[in-house]
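Visitor: heads up, no residue letters with this:
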């Protein structure tokens, strides 16, 4: 909902920080990432590797649509 609102407002680049683990997990489930990608994503986030997260996600099939 937050992301949709930001897009409707015309923003193209933004960051949303997640503090609730349950919310984060539900996003992962919705994304349908395989277990290896999810594990890599978690490591990148834990290490605050924002560029690595961006690269990993933009190479996912649903990002190419």
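Guide: That came through, no problem. All figures in this text were calculated on a predicted structure; none of them were measured in a lab.
Visitor: contacting residues for residue 57?
Guide: 41, 63 (Cβ atoms under 8 Å, 6 or more residues apart in numbering). C-beta here means a position set from N, CA and C on the backbone, and glycine is covered the same way.
Visitor: what about it, distance to residue 9?
Guide: 22 Å (Cβ to Cβ, to the nearest Å).
Visitor: now swap in residue 33 and tell me
Guide: 28 Å.
Visitor: same check on residue 19?
Guide: Residue 19 is 22 Å from residue 9, where distance means Cβ to Cβ.
Visitor: and if you look at residue 47?
Guide: Taken as Cβ to Cβ, the span from residue 47 to residue 9 is 31 Å.
Visitor: any regions of the chain where pLDDT drops low?
Guide: 1, 18, 64-65 (pLDDT under 70).
Visitor: recalculate using a threshold of 90.
Guide: 1-34, 57-65 (pLDDT under 90).
Visitor: wait, what's in contact with the closest residue to residue 53 other than its chain neighbours?
Guide: In this structure, residue 53 finds its nearest non-sequential neighbour in residue 44, 4.8 Å apart by Cβ to Cβ, 6 or more residues apart in numbering. Residue 44 makes contact with 52, 53, 56, according to Cβ under 8 Å, 6+ apart.
Visitor: tell me, how many residues neighbour the first one?
Guide: Spelled out, that is residue 52. 15 (other Cβ atoms under 10 Å).
Visitor: against residue 50, how distant is the closest residue to it other than its chain neighbours?
Guide: Nearest-residue entry for residue 52: residue 44, 4.2 Å, with adjacent residues in sequence omitted and distances by Cβ to Cβ, 6+ apart. As judged by Cβ to Cβ, residue 44 and residue 50 stand 8 Å apart.
Visitor: and if you look at residue 62?
Guide: Taken as Cβ to Cβ, the span from residue 62 to residue 50 is 20 Å.
Visitor: quick one: residue 17 from residue 60, how far?
Guide: 21 Å.
Visitor: same question for residue 51.
Guide: Separation of residue 51 from residue 60 (Cβ to Cβ): 16 Å.
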